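**Student:** Below are the sequence and a predicted model; questions follow.
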Amino acid sequence: MRKILFLALFTCFTVLTSCSVDDNAVVVQFEPIPIENVIIPMEFNLGETYTISVTYKRPTDCHSFNNLEYVAESNNVRTIAVVALVTTGDCTTLTDNFQTQTFNFNVLDSNPYTFKFWQGKNDNGQDMYLEYEIPVNN
């Protein structure tokens, strides 16, 4: 009985792992896209919620919006980046194809907030940010 069970498991394993990979398979990856413009209030009121808009340029028709990467760091610093889902294949370069995404921000602290919006990398490979320091009214 054990030999039959072992043979059945081995056969299933072989069948599952020996399938060929389709050479025409679509490959997807995630890629950050630089933020071009931001619409953000110049001050906040404690306890209120604000809508913040970011605009980015979609580089090709193979790029589609996936999400806004939002990282809350210490000392009320927030880093935001647009993340695109990119598929492989014949991609067409897009010109002037700007997209806007929004997110809501709840003001929970009376200390100022610093927002860092990712704008790509410089010639030295270092991240560049569009930064705003927003004061909070009590």
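**Tutor:** Now that the structure is in, tell me what you want to look at.

**Student:** per-residue pLDDT, A8?
**Tutor:** The pLDDT attached to A8 in the predicted structure is 45.

**Student:** Bridged to the spatially most central residue of the chain, which residues?
**Tutor:** Most central in the chain under Cα atoms, centre = their mean is V83, positioned 2.5 Å from the mean C-alpha point. Beta bridges link V83 to P32, N67 when assigned by DSSP bridges.

**Student:** thinking it is in contact with S64, fair?
**Tutor:** No. Contact status for V83 versus S64: not in contact, 10.5 Å apart, counting by Cβ atoms under 8 Å. Every residue, glycine included, has its C-beta placed from N, CA and C.

**Student:** circling back: tell me the spacing between the residue nearest to the centre of the chain and I33.
**Tutor:** Separation of V83 from I33 (Cβ to Cβ, to the nearest Å): 7 Å.

**Student:** which stretches of the chain form helices?
**Tutor:** With DSSP state H applied, the chain shows helices at 2-17, listed in chain order.

**Student:** Quick one: find the helix or strand in it with the lowest mean pLDDT.
**Tutor:** With mean pLDDT, DSSP states H and E as the measure, the helix or strand of the chain carrying the lowest mean pLDDT is helix 2-17 (a mean of 45).

**Student:** Right, I'll leave it there.
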